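[1] Structure for the following, please:
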Amino acid sequence: MNEPLLERIPRLERSVRFWRTTSLVLAAALLSVLVTGVTFFGVARAQQARRQEAVARELEAEALAARAILEKQLQEAEKKD
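    You can find the predicted model right below:
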């Protein structure tokens with residue numbers, strides 16, 4: 001601590017460069033993790049939405065088929081009366 005200020009400047013500059021580089025590397029790593037996570041989450045949500053839409057279409061088709069059967073049965077019952 002007794003060393004003159006001018007002798008400490010190069011060491012302080014190296015320290016600043018080290019921490020600046022370290023910070024940039026850590027920021028890039030954090031950004032890549034965040035981007036990967038957001039992308040994965042978005043893909044997972046899109047797949048879930050597609051599955052739900054497929055199930056909804058399937059249920060709608062089954063409902064239409066059941067309705068057609070019921071209408072046919074109703075017409076047959078009306079003809080018998």
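[2] count of neighbours near residue 48?
    If you count neighbours by other C-beta atoms under 10 Å, residue 48 ends up with 10. To be clear about C-beta, it is placed using only N, CA and C from the backbone, and glycine gets the same treatment.
[3] Tell me which helix or strand it sits in.
    helix 5-80 (DSSP states H and E).
[4] Show the average pLDDT along that helix.
    The average pLDDT within helix 5-80 is 94.
[5] Give me the distance from it to the chain's centre.
    Taking the mean of its C-alpha atoms, helix 5-80 sits 2 Å from the chain's own mean (C-alpha atoms, centre = their mean, to the nearest Å).
[6] Who are the packing partners of it?
    Packing contacts for helix 5-80, counted by 3 or more C-beta pairs under 8 Å, 6 or more residues apart in numbering; DSSP states H and E, involve no helix or strand.
[7] separation between residue 34 and residue 46?
    19 Å (C-beta to C-beta, to the nearest Å).
[8] same question, residue 80
    Applying C-beta to C-beta to residue 80 and residue 46 gives a distance of 51 Å.
[9] ok, those two, which is more surrounded?
    residue 46 (10 against 6).
[10] neighbours of residue 38, just the number please.
    Using other C-beta under 10 Å: residue 38 sits among 10 other residues.
[11] residue contacts, it?
    With contact set as C-beta atoms under 8 Å, 6 or more residues apart in numbering, residue 38 has no partners.
[12] measure it to residue 26 for me?
    19 Å.
[13] again with residue 41
    For residue 41, the distance to residue 26 - C-beta to C-beta - is 22 Å.
[14] Next: residue 42.
    24 Å.
[15] One more: residue 40?
    The value you get for residue 40 to residue 26, if C-beta to C-beta is used, is 21 Å.
[16] For residue 81, give me its contacts.
    Contacts of residue 81 (C-beta under 8 Å, 6+ apart): none.
[17] go on, residue 19?
    Residue 19 neighbours (C-beta under 8 Å, 6+ apart): none.
[18] what's residue 54 in contact with, if anything?
    Residue 54 neighbours (C-beta under 8 Å, 6+ apart): none.
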